[in-house]
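Trainee: make a model of this:
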Amino acid sequence: PTPAPAASPTRAPTVASPTPTPCKDLRVQINMGRDADEISHSLTDVSTGEVVWSRAEYSSGDRDDISTCVDPTKCWRYDIADSGGDGLSGFWSVLVLSYDGNVEY
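Mentor: Here you go, the predicted model:
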């Protein structure tokens, strides 16, 4: 004889959906004053050492606006360097760092 079918259908196995990587916007806005060609800056993933982006070779008066999706569970490092040693010079020089829409610096 043929075995009787199950009294109720069995459920399909559950498969966990991959967890999406969280993402927060890190935004760097910079206006260059004089001696802008001395300025360079970068964003690095500290856990891997990967440089996510790096910028240099600006001219006086240049503006840059960089938005990057970063994983908030990781550690990030923003570096800015001035080969001339006088920082962002000129009264129109501005640096703004925002994280998830909030101005941090």
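Trainee: pLDDT weak spots in this protein?
Mentor: Within the chain, the ranges that satisfy pLDDT under 70 run 1-10, 12-13.
Trainee: quick one, strands of it?
Mentor: Remark: strands of the chain, listed N- to C-terminal, are 24-31, 39-45, 51-55, 63-70, 76-82, 94-99, 102-103; assignment by DSSP state E.
Trainee: rebuild those strands as a markdown table, extending it with mean neighbour count and distance to Ala16.
Mentor: C-betas here are computed from N, CA, C, even on glycine. As requested, the strands of the chain are exported to a markdown table (neighbours: other Cβ atoms under 10 Å; distance: least, Cβ to Cβ, whole Å):
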| stretch | mean neighbour count | distance to Ala16 |
| --- | --- | --- |
| strand 24-31 | 17 | 24 |
| strand 39-45 | 18 | 26 |
| strand 51-55 | 13 | 29 |
| strand 63-70 | 13 | 24 |
| strand 76-82 | 14 | 28 |
| strand 94-99 | 14 | 30 |
| strand 102-103 | 8 | 33 |
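Trainee: want to throw those strands into TSV with distance to Pro18?
Mentor: Formatted as TSV, the entries for the strands of the chain read as follows, by distance: least, Cβ to Cβ, whole Å:
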stretch	distance to Pro18
strand 24-31	19
strand 39-45	20
strand 51-55	22
strand 63-70	17
strand 76-82	23
strand 94-99	25
strand 102-103	29
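Trainee: could I get stretch 46-63 in CSV with only the CA atoms?
Mentor: C-alpha atoms of stretch 46-63 as CSV (Å, rounded to 0.1, in the frame of the first residue of the first chain):
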residue,chain,number,x,y,z
VAL,A,46,40.7,52.2,9.8
SER,A,47,39.9,48.4,10.1
THR,A,48,41.2,47.7,6.6
GLY,A,49,43.6,50.6,5.9
GLU,A,50,41.8,51.2,2.7
VAL,A,51,41.8,54.8,1.5
VAL,A,52,38.2,55.4,0.4
TRP,A,53,39.0,58.7,-1.3
SER,A,54,41.9,61.1,-1.5
ARG,A,55,42.0,64.6,-2.9
ALA,A,56,44.7,67.2,-3.6
GLU,A,57,45.9,69.6,-6.3
TYR,A,58,43.5,72.4,-5.5
SER,A,59,43.7,76.0,-6.6
SER,A,60,42.9,79.1,-4.5
GLY,A,61,39.1,79.6,-4.5
ASP,A,62,38.3,76.0,-5.3
ARG,A,63,35.3,74.4,-3.6
